[in-house]
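> The following block contains a protein sequence and its predicted model.
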Amino acid sequence: VPARYGEVFGLYLAEAWAAGIPAVQPRTAAFTELVELSGAGVLFEAESETSLATALENILRDDQERSRMAGAAREASRKWFSVDVMMR
């Protein structure tokens, strides 16, 4: 979900990660920190269609890296967004 506005945090990121889906997010708001800390996706330069296209192309072409990111996505979901963590 390439948000085109200064969204602080998208619930869809946590939902995607829980399903093991790596994120392709703009380098804005909390997305930068979350993706960099987790390794569960790639960032693109906001407002750059070329940067978005390149990020999508790279993640779709590299099966091994996408698989690694999928594992990192599931781990990030468990570590930061599980029911137990959210209850605390």
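Nice, thanks for sending it over. Residues are numbered from 1 along each chain as shown.
> Please make it C-alpha for all contacts and neighbour counts, starting now.
Fine.
> From the rest of the structure, what touches the helix or strand of the chain with the lowest mean pLDDT?
Lowest mean confidence among the helices and strands of the chain (mean pLDDT, DSSP states H and E): helix 83-87, at a mean of 81. Contacts with helix 83-87, where a contact means C-alpha atoms under 8 Å, 6 or more residues apart in numbering, come from Lys79, Trp80.
> Tell me how far that helix lies from the chain's centre.
Averaging C-alpha positions (C-alpha atoms, centre = their mean, to the nearest Å) puts helix 83-87 20 Å from its chain's average.
> Can I get it as CSV, trimmed to CA atoms?
Output of helix 83-87 as CSV, limited to C-alpha atoms (Å, rounded to 0.1, in the frame of the first residue of the first chain):
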residue,chain,number,x,y,z
VAL,A,83,-2.0,-10.3,20.9
ASP,A,84,0.2,-10.7,24.0
VAL,A,85,2.4,-7.8,23.1
MET,A,86,-0.6,-5.6,22.2
MET,A,87,-2.3,-6.4,25.5
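> quick one: contacts for the residue lying closest to Glu65 once chain neighbours are set aside?
Residue nearest to Glu65 in three dimensions, not counting chain neighbours: Ile59, with 7.3 Å by C-alpha to C-alpha, 6 or more residues apart in numbering. Neighbouring residues of Ile59 by C-alpha under 8 Å, 6+ apart: Val42, Glu65, Arg66.
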